[in-house]
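S.K.: Got a sequence here, can you model it:
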Amino acid sequence: MPTSRRSFLRKTSVLIAGSGLLSRQVFAAAAKEHITGIQLYSVRDDMRKDPLATLKALSDMGYRYVEHANYVNRKFYGYTAADFKKVLADNGLKMPSGHTVMGRDHWDATKKEFSDSWKYTVEDAAAVGQELVISPWLDENLRKNYDDMKRYMEVFNKSGELCRKSGMRFGYHNHNFEFTQKLNDTLVYDIILESTDPSLVTQQLDIGNLYSTGANALEIVKKHPGRFVSLHVKDETKSAQSKEIGSGYESTVLGTGVANTKAITDEARKLGTTHFIIEQESYQGKAPIDAVSEDLKVMKSWGY
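M.R.: Reported below is the predicted structural model:
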């Protein structure tokens, strides 16, 4: 996720068990059914200019599932939940997941309850047909010290409880800081995994965002079978002009980069991942809509 999207997120702010008692074979059996979708941030400019035409183009090229990155004032890309669900259906699309940042203001620690705005977020997610409500950012002020972050992870669990009442799951989507920042000598990502209930909080692993941090996405998937219901499928290429997270790398068409994407995706599928969400944020001169068409062709060639 590039710096520009990080700013964007701030501004617009199934049950798979994670128990180590279950075998990898059980997780593999649970992963027989899967979906391949696209994070609409990949075509953000197109969605801003003409969401209807963009959604139709995605459908025409073969996409059947999308993931939103725009929920503002109870609207998805300017449409109410009911209207956007119809727009999607008219184009043969569904939206099983979406990104909305859950921040400090969404939880009243004194009253021990969520703000109306977060309750509406969950309500509208259910109305539009989501299975996963994913927060794609953890504000810096929530991870200044170990104790404060541990406390906020309880809010993650409570959000999971809230989502479960509507038949959904709450999830978290990583960037790169989770694999570089430590609190009490523990990586932020490990704190998230250790402090959240797998039955309430799933993880959407973005294999591109963590590239070049020193973390190994393939090993992370193997180490935590069942924790990743969703995967952001990305590939990375070297770029001196990169504006994305990482050191001199940016996303590229699947199968053309250096991120070992297919191996990671295949392993995740074996171990329980069911949502495979394509995201490309840099295009090396291609039109974004053309790049995501190539991405889908690659995914299909891989058997997704």
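
S.K.: Okay, helices next: where are they in this structure?
M.R.: For the chain, the helices defined by DSSP state H occupy 3-11, 24-30, 44-49, 51-60, 81-90, 116-128, 146-164, 188-195, 217-223, 261-270, 288-301.

S.K.: Is it possible to get those out as CSV so that each row also shows distance to residue 70?
M.R.: In short, each C-beta sits where N, CA and C put it, glycine included. What follows is the helices of the chain, written out as CSV (distance: least, CB to CB, whole Å):
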stretch, distance to residue 70
helix 3-11, 9
helix 24-30, 31
helix 44-49, 7
helix 51-60, 9
helix 81-90, 10
helix 116-128, 12
helix 146-164, 19
helix 188-195, 25
helix 217-223, 27
helix 261-270, 26
helix 288-301, 15
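
S.K.: Tell me which of the ones you listed sits most buried.
M.R.: helix 261-270 (a mean of 20; mean count of other CB atoms under 10 Å).

S.K.: so how far is it off the chain centroid?
M.R.: In terms of CA atoms, centre = their mean, to the nearest Å, the centre of helix 261-270 is found 16 Å from the chain centre.

S.K.: Summarise which helices and strands that helix is packed against.
M.R.: helix 24-30, helix 217-223, strand 230-233, strand 275-278 (3 or more CB pairs under 8 Å, 6 or more residues apart in numbering; DSSP states H and E).

S.K.: hmm, 7 Å instead?
M.R.: Here helix 261-270 touches helix 217-223, strand 230-233, going by 3 or more CB pairs under 7 Å, 6 or more residues apart in numbering; DSSP states H and E.

S.K.: how about a markdown table for these, with mean pLDDT and distance to residue 68 added?
M.R.: As requested, these are arranged in a markdown table below (pLDDT from 0 to 100; distance: least, CB to CB, whole Å):
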| stretch | mean pLDDT | distance to residue 68 |
| --- | --- | --- |
| helix 217-223 | 98 | 24 |
| strand 230-233 | 98 | 13 |
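
S.K.: In CSV: those, plus distance to residue 195.
M.R.: Compiled in CSV, these are given as follows (distance: least, CB to CB, whole Å):
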stretch, distance to residue 195
helix 217-223, 17
strand 230-233, 20
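
S.K.: circling back to that earlier point, and the helices of the chain, which one averages the lowest pLDDT?
M.R.: When those are ranked by mean pLDDT, helix 24-30 comes last with a mean of 40.

S.K.: need the contact list for the nearest residue to residue 76 once chain neighbours are set aside.
M.R.: Closest residue to residue 76 apart from its sequence neighbours, by CB to CB, 6 or more residues apart in numbering: residue 84 at 4.2 Å. Neighbouring residues of residue 84 by CB atoms under 7 Å, 6 or more residues apart in numbering: 76-77, 128.

S.K.: Dump these into TSV; add distance to residue 232 as well.
M.R.: Shown next, in TSV, are these (distance: CB to CB, whole Å):
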residue	distance to residue 232
76	19
77	20
128	20
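
S.K.: Distance of residue 190 relative to residue 146?
M.R.: 11 Å (CB to CB, to the nearest Å).

S.K.: Please apply the same query to residue 188.
M.R.: Applying CB to CB to residue 188 and residue 146 gives a distance of 10 Å.

S.K.: And the helices and strands packed on helix 261-270: which comes nearest residue 205?
M.R.: strand 230-233 (5.4 Å; CB to CB).

S.K.: Before I go, just wanted to say thanks for your time.
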